[in-house]
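Novice: whatever this is, show me its structure:
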Amino acid sequence: MLGRNIARKSCASLRLYHSNPIEHVNPLHIKPLTYGKQSPQYKVLSLALQEYVPKHGFTERSIVESLNKLGYPSSMISSIGASNSPSFVHSSTAVMELMKFQLVDKRYRLTEGINPDITPHYKLPSLEHLLLKRLEMDKPVGEQLTDLMSQLAIPSGFLFETAIPELHRLSDDMIYYSNEKDHHDSAWYAKRMAVSSTYIGSQLFMAQDRSHDFRETFAFAKDKLHRVMRLGEYYNNTEEFAWYTLMSTVNLVKSQLVRG
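Specialist: Prediction:
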């Protein structure tokens, strides 16, 4: 199929038809971010995510406090996220960049140190391990997930160009770097949709979870992954179904347009 030979045309949207090692090479910039790890933008957003987002959420206040602690002028916030689409609702382009950073940086950190090209397949981590590891990364901002996901789900250029592609890149990475057997053609889509569904459902659960250390979320995630991957059970949550259907439909339409 043509898709097997089409390289990703932009950092914001499309992947190869099947997993391919060229898509998982560690770059100097962690696309779709436009700056490297030594840049002021990366340092500001990284600190904001670690220290201030858990307290203040995905807001300009978190970014400004990070700027102040690092000794940068508060006016620098105007240059953060300048490459994003126009702001929506009450979120500035800087806040949009902070949300993008949350998605992209954690996706890259999830698979650091894993090399499927030299590691025997049976020694790679399980898909469940990577899913739970990614959810573990969300724990510090667990109380802010409701606001984050509500902002990401707003129909906008940011949703179509950043949130949707990042969800599918995450699912693809979790399968590629795990010992899960991959498939071709329609099964390729089905498996990635199952992983995306599981992660989104688990995030929605975590946003409302009040159990100690989110223990119920991790139990939910393991059970749901088993059901969708082994038993073929999809979409038993109305809110999850509506949110995920929007994202998967847009992404599949875009992929078909490229292939045509």
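Novice: looks like Arg134 contacts Leu170 (just checking).
Specialist: Yes - applying Cβ atoms under 8 Å as the test, Arg134 and Leu170 come out as touching, 7.1 Å apart. All C-beta spots, glycine's among them, are computed from the backbone N, C-alpha and C.
Novice: low pLDDT regions in the stretch 101-250 of the chain?
Specialist: When the per-residue scores of the stretch 101-250 of the chain are filtered using pLDDT under 70, the ranges that remain are 183-186, 231-250.
Novice: in it, which spans are helices?
Specialist: 127-138, 145-152, 157-158, 164-176, 186-208, 215-230, 238-259 (DSSP state H, counting those that start in this stretch).
Novice: so what sits against both of Arg134 and Leu170?
Specialist: With Cβ atoms under 8 Å, 6 or more residues apart in numbering applied, the overlap between the contact sets of Arg134 and Leu170 consists of 107, 110, 199.
Novice: compare these and tell me which is most surrounded.
Specialist: Ranked by neighbour count under the definition other Cβ atoms under 10 Å, those are headed by Tyr199 with 22 neighbours.
Novice: residues contacting it?
Specialist: Going by Cβ under 8 Å, 6+ apart, Tyr199 touches 131, 134-135, 167, 170-171.
Novice: residues near the residue nearest to Leu225 when sequence neighbours are not counted, how many?
Specialist: Spatial nearest neighbour of Leu225, excluding adjacent residues (Cβ to Cβ, 6 or more residues apart in numbering): Thr198 at 4.8 Å. In terms of burial, Thr198 registers 28 neighbours under the definition other Cβ under 10 Å.
Novice: and His226, by the same measure?
Specialist: Other residues within reach of His226 by the criterion other Cβ under 10 Å amount to 13.
Novice: try Lys100
Specialist: Each residue near Lys100 was counted by other Cβ under 10 Å, and the total is 22.
Novice: next, it: secondary structure please.
Specialist: Three-state secondary structure (criterion: DSSP: H, G, I helix; E, B strand; the rest coil) places Lys100 in helix.
Novice: distance check, the closest residue to it other than its chain neighbours against Glu136.
Specialist: With Cβ to Cβ, 6+ apart as the measure, Thr162 is the residue that lies nearest to Lys100, at 5.3 Å, once sequence neighbours are left out. When distances are taken as Cβ to Cβ, to the nearest Å, Thr162 and Glu136 turn out to be 23 Å apart.
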